[in-house]
Each structure stands twice: as structure tokens, then as C-alpha cells.
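[1] Structure of the sequence below:
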Amino acid sequence: MLKEQSKLIVRGHQALDIGLTATSFITAYFIKRLFLPEGWRGLTTEPNYYAILLLIIIIWFLVFDFFRLYESYRRRTYWQVFSQLVKAVSAAVLILLMTIYIVKLKDVSRILLGLFYLLNILLLGLSKGVVYRTLARFRNRGFNFRSVLIVGSKDRARDVIRTIGDRQGAGFRVLGCLDIDPARIGESVKNGCKVIGTVGDMQQILEREVVDELIFAMPLRKIDQASKYIVLAENLGVSVRIIPDWQLHHLMYRPEKAKIQFEDFLGIPTMSLETTPPDKAALMIKAAFDYAAGALMMLFFLPLFFAIALAIKIVSPAGPVFYRQERFGLQGRRFDVYKFRTMVPDAEKQRDCLDCYNEADGPVFKIRNDPRIIPWIGHFLRKTSLDELPQLINVLAGEMSLVGPRPPIPAEVDHYEIWQRRRLSMKPGLTCIWQISPNRNDVSFADWMNMDLEYIDNWSLALDFKILARTVLVVLTGHGR
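    Next up is the predicted model:
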């Protein structure tokens, strides 16, 4: 899945722009030298145009960065992007002319520079237009969208809804609005968006629905105990935006986990509180690694897939090879997780009869010697954790990561405390800290949740690779159950 602006994307974007800028200059050079009408055609051997090209690359790199051309397209119109581009190129050309004058480079063709200026704007404008429209179409089709819940139902809320409606390609979807007045529930606010509850209903809505961002579009002083709701969203791992006026100083609120940033949201200045890892470049590398490593692992383990499938059918021919179960993913998105079947076909029906033997605390169900496990192959797959191998399919589908909190079943999430739901703020993984812990099946539910939150709060690529390496040891030594 595509992410917000990241350092990795910025570097790629910068490289593309500099490449197109160099192409513009080289093209202008050959047009002036070979293809213009007689009298306009030709170039002298002086000055050294290689040196001018080097100057252009340096100046354009610095100016484009200064003009902030690499902010996320999600929150700007194409014409805003193009306007900023024209300003940046014009400023860069002026700096180039001043530099040429200062270093006393003589006989530089003004026609060449004019052609370069026009070609540069044309090529960069076309490239950004293609990228912008591709991303917009991708988001319009429902991919990479962010679900938004708005607190407020008056002018500020209408402005946010109208702006989101005008910018469908930005990839935001309004779930609904919350108000402080229960009498307004069900009322239409704008563009089909309605008041779906009161501010007091926020906890139930955030737990029940997929919400990526919570936007406060009303004065915080009008909300009784407003800081409580900001803390609630923070604990759930939901990003918070606050439309000015800025009122946090009246609340004496200090975020415990979230990081405060000031951002432009579709042209509206907002204050954002993020509880997920801030290093977007590293998260992009993590996502790319998931797809690449997941595909290679699928190919490598394909013979093992067939061998395990054959063993399951020999020992327990009545049931399927794969077991599919609904789980909760990022921010409560539901998906079906795949595992090799290790239990008898009617295992779920037998569950109620075994509740009294549950050895785990909290909403998790575990039995040391579960009688539903199919002989030999079932125990082997569980001890080695190889029953989780088909979840590589979920990784390639973008529903899971190689490393992350394990995806819970809906029945478990229904019994979560507020602080435990924040583990849903990162994409679930095939393995995690709990998975590699000694005596992992004896770890209390609260400790398990704390391990997942520790992973989120201290996430890094190095930590992921460390967990993957230790997972291999766990598989080889058979510490599972």
C-alpha cells in the first residue's frame, strides 16, 4: 500500500526531477545546435556547457528543495503543484543567470537558456501531472484511502467535508460527524455526511469502525473534557487533527505517546498527533521488503507447501488443507488470515465444550494439550510455527507484514481495554516479539499486549531484522505450541 510522503519517495522524486532537468538542457542544446532555422542555429565551442549543466543540477536541486516541491500530493491540487513548479524553475533560472554573470562565463546562448526554461517546465509539468493523476485515479477507486471521523457539524466541519469532496483524488473518506448535541444525530451536514453520534459515543465508534484520522472541527473549549477524547484517540493509535483556533494550552494537555506536528490538510492548517512510527522512509522500506521477501519466500517454500498439504490430507483427509479465519488488521480492517489446518474439521464446534480448560488469561483461548489437534502433523506444525506459513499470502495481499503484532480475532478485540487497541495502529505481522519470547505460551495477556506496544513505540528496521533472525531460531528449535 502507498504511504504518506516519505524521505524515500522524496529522494526518488528529486532524482526524477533532476534527470528531467538534465534532459531538458541536453535537448535544448541539440535543438539550438542542429534544428533551429538558419541564422538561429549553431553554438560556439565556448563556454563549456558541461560546466553549465553541472551548475544547473546543483542549483535546481537546492531551489526545488527550498520551494518544497516534494510535499505530499494528497493535500494539494495539481495547479498548486504546477504553480509552485513554475515559481521554482523561474527562481532557479534567475540564480543561474546571476551565477553565470558572477563567474564571468561569456557567450552563453540566451536562446538555449530560453528553450531550456520552456522545456524544463513542460517536462516537469507533464511528469508531475502523470504522477498526480495516476495517484488520484488509484485513490478514486478506493485504494489507499484514509477514513476520517469529524468532531463538529457546523461551519468548520462543512468546510472540511466540502474540501474533501472537492478533492476526491486526495484519498480521504468521511465516515461521519460527531456533535455535542444528541438532538442533531441523523442530521445531514454536507455532501451526504451525517451526524452519526455524540462526542460521548466516540469510544464505541472508534472501536467499531475503521478510523484512520480524527479531526476536531469545532472549538475544543465547547467539548466537555476534550482532552479525554484526544487521549482516547492517542491510546487507540488514531491520528488526531485539530482545526484552529488552537486550544490545547487551555486543556493543559501533554501527549504521552503521540508526536505533535503542524501540517496542511487539503489547504487547511491543522495540528496533527501521530502515535505510529514517524520515520516514513523506513516504513516504505519495510513495505517494499515485505513484498520482495514475501514473494521470494513463497517460491522457496513452495515444495514445503506441497509436502505439508500432502501430510495433512493423509492424516486428516476429511478437512481442507488450509484453515481460514477472520482477523482484525490495521485500524480494525477485517481480513481472512490463512494457516495450515492443524485441528479436526469441526474444531470450532467443540470450542464451547473446552472453555473450562482454557489456560490463558484475558480473551485468548489456549490449551497445552488441545484434543482437537490432528495427530503428528498438527503438533509438528504448531511446535515449529510452520502452520503460519500460508500467511505469506496475506503479506503479498498487503494485509499483513512479515513483522508486526499478531492479528487478533474479532472476539478478542471485543474484550480489549482501550490501551490494548493501540496495537491495531500498525499492520499485523507473521511474527512479533511475543512469537520469539521464551515460554511464549506462558506469557500473560497483559504482558503480550505490552510487548506489541513496545514494538510499535520502539520500531525500527533493525528491530524487524532482529525479530526475523530470532524467528528462524524459534522455528528450528520448535518452541511453539
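
[2] residue boundaries of the strands in this protein?
    146-151, 172-179, 188-190, 193-198, 213-216, 239-242, 259-265, 268-274, 322-328, 334-340, 401-403, 429-431 (DSSP state E).

[3] for those, which one sits closest to Ala446?
    strand 322-328 (18.6 Å; CB to CB). Bear in mind the C-beta positions are built from the backbone N, C-alpha and C, glycine included.

[4] what separates the closest one from the chain centre, distance-wise?
    23 Å (CA atoms, centre = their mean, to the nearest Å).

[5] which helices and strands does that strand pack with?
    Applying 3 or more CB pairs under 8 Å, 6 or more residues apart in numbering; DSSP states H and E, one finds that strand 322-328 makes contact with strand 334-340, helix 410-413.

[6] which of those has the lowest average pLDDT?
    For the helices and strands packed on strand 322-328, mean pLDDT drops lowest on helix 410-413, to a mean of 86.

[7] What residues sit buried inside that one?
    Residues Glu412, Val413 are the ones in helix 410-413 that count as buried (16 or more other CB atoms under 10 Å).

[8] For that helix, enumerate the helices and strands it packs against.
    Secondary-structure packing of helix 410-413 (3+ CB pairs under 8 Å, 6+ apart): strand 322-328.

[9] what's the span of stretch 99-111, first residue to last?
    The first residue of stretch 99-111 is 18 Å away from its last residue (CA to CA, to the nearest Å).

[10] Mind listing what's buried along that stretch?
    Residues of stretch 99-111 classed as buried by neighbour count (16+ other CB under 10 Å): Ile100, Leu105, Val108, Ser109.

[11] which of those residues lies closest to Trp376?
    The closest of the buried residues of stretch 99-111, once distances to Trp376 are taken by CB to CB, is Ile100, at 79.6 Å.

[12] need the strands of the chain in TSV with distance to Ile95 and mean neighbour count, can you?
    Listed next are the strands of the chain as TSV, based on distance: least, CB to CB, whole Å; neighbours: other CB atoms under 10 Å:
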stretch	distance to Ile95	mean neighbour count
strand 146-151	38	23
strand 172-179	37	22
strand 188-190	45	17
strand 193-198	47	19
strand 213-216	39	25
strand 239-242	36	23
strand 259-265	26	14
strand 268-274	30	18
strand 322-328	53	16
strand 334-340	51	18
strand 401-403	44	25
strand 429-431	48	25
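
[13] What is the neighbour count of Ala309?
    For Ala309, the tally of surrounding residues (other CB atoms under 10 Å) stands at 16.

[14] which residues touch the residue nearest to it when sequence neighbours are not counted?
    Using CB to CB, 6 or more residues apart in numbering and skipping the chain neighbours, the partner closest in space to Ala309 is Val321 (4.4 Å). Applying CB atoms under 8 Å, 6 or more residues apart in numbering, we find Val321 in contact with Ile308, Ala309, Ile312, Lys313, Phe340, Arg341.

[15] what's the burial count for the fourth one?
    Neighbour count for Lys313, taken as other CB under 10 Å: 15.

[16] quick one: it and Met449, what's the gap?
    Applying CB to CB, to the nearest Å, the value for Lys313 to Met449 is 37 Å.

[17] Equivalent analysis for the third one, please.
    When CB to CB is the yardstick, Ile312 and Met449 sit 32 Å from each other.

[18] Lys286 reaches Leu463, doesn't it?
    No: contact criterion CB atoms under 8 Å: Lys286 and Leu463 do not qualify, at 10.4 Å.

[19] So between those two, which is more surrounded?
    Comparing Lys286 with Leu463 by other CB under 10 Å, the one with more neighbours is Lys286, at 21 against 14.

[20] Next up, the contacts around the more buried one.
    Lys286 makes contacts with Ser401, Val403, Leu461, Asp464, as judged by CB under 8 Å, 6+ apart.

[21] check contacts around the second one.
    Residues in contact with Val403, defined by CB under 8 Å, 6+ apart, are Lys286, Gly429, Leu430, Thr431, Cys432, Leu463, Asp464, Ile467, Leu468.

[22] Need the pLDDT of the last one.
    Model confidence at Leu468, expressed as pLDDT, equals 90.

[23] returning to that earlier point: lowest-confidence member of the buried residues of stretch 99-111, which is it?
    Comparing the buried residues of stretch 99-111 by pLDDT, Leu105 comes last, at 82.
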